[in-house]
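A.B. asks: Any chance you can model this:
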Amino acid sequence: MRFIRAVCLALLAGLSFAAQAKMVHRPVEWTLDGTHFKSVLIYDDTDHAKRPGLVMVPNWYGVNDVAIKKAEMIAGKDYVILLTDMYGENVRPQVGHADQAKAAATPLYSDRALMRKRINEALSQLKAQAANAPIDTGKLAAIGFCFGGSAVLDLARSGADVAAVVSFHGGLATDDPALAKNIKARVLVMNGADDKGTMPDADKFLDEMRSSSADWEFLVLGNSVHCFTETEENSPGCKYDPRAAARSYRLMHDWLHAAFSGTP
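C.D. replies: Take a look at the predicted model:
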């Protein structure tokens, strides 16, 4: 009887712990070149097992509730994600106000060296979080959406020591195609076949990547336009596509798993 009671108490304690486990949202702040950035570290605290760390750059609306929800979904119990502020704490475009988002992103599109500097600082900040979060610093990668896709591709071009980068409907253009020779990461790029914003640069991007010795794939998703993972978007040229989103997430997980395990 005492044994049964002990087992029951242990089970109840386990259930209580599970009920208390939650998705952690931890502010991560830093200052670079006089600009203060506010990002968010996101992970499930069910257990303390170390897991891969991902720098995640959202679309051009930046860090907001929609981006946090997406980061939670991707992180699950598999990753620790640093949802990265690329603009600075005083620049927060409102969702649906494309003019504000364009104004925020344009300075970085116009100064790709600055974009590379900021995304590399984000990677450094993710590594630093391993002191108080379950991050396996031997398994680091970056993922990005739209504007964020451009940012993580620039991280790869900078020669950053990450296992992989994954770009979803991201911009393909670069200020310097020769930087492709620096790429160490495995690069997965996924764009919609009917994305009129990014696909005009596809041929130049392919030429750029052919000049690289990196392991890379460029996948074109049929019948999809820009923004296919963005649940809030529903305009003709920028539209959420649940089928394309599900496929791209599955491909991302497979790509990251292979990169982290060192398998082909």
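A.B. asks: Just the helices from the stretch 51-200 of the chain, written as ranges.
C.D. replies: Taking DSSP state H, counting those that start in this stretch as the test, the helices found in the stretch 51-200 of the chain are 65-75, 98-110, 112-128, 147-157.
A.B. asks: now, of those, which is deepest in the fold?
C.D. replies: Stretch with highest mean neighbour count among the helices of the stretch 51-200 of the chain: helix 147-157 (a mean of 28; mean count of other CB atoms under 10 Å). C-beta coordinates here come from the backbone N, C-alpha and C atoms, glycine included.
A.B. asks: other SSEs contacting that helix?
C.D. replies: Applying 3 or more CB pairs under 8 Å, 6 or more residues apart in numbering; DSSP states H and E, one finds that helix 147-157 contacts strand 51-57, helix 98-110, helix 112-128, strand 135-145, strand 164-168, strand 186-192.
A.B. asks: Turn the ones you listed into JSON lines, columns for distance to Thr229 and mean pLDDT.
C.D. replies: Shown next, in JSON lines, are these (distance: least, CB to CB, whole Å; pLDDT from 0 to 100):
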{"stretch": "strand 51-57", "distance to Thr229": "12", "mean pLDDT": "99"}
{"stretch": "helix 98-110", "distance to Thr229": "16", "mean pLDDT": "98"}
{"stretch": "helix 112-128", "distance to Thr229": "19", "mean pLDDT": "98"}
{"stretch": "strand 135-145", "distance to Thr229": "6", "mean pLDDT": "98"}
{"stretch": "strand 164-168", "distance to Thr229": "5", "mean pLDDT": "99"}
{"stretch": "strand 186-192", "distance to Thr229": "9", "mean pLDDT": "98"}
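A.B. asks: Let's have those in CSV, adding distance to Leu206.
C.D. replies: Formatted as CSV, the helices and strands packed on helix 147-157 follow (distance: least, CB to CB, whole Å):
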stretch, distance to Leu206
strand 51-57, 23
helix 98-110, 21
helix 112-128, 19
strand 135-145, 19
strand 164-168, 14
strand 186-192, 10
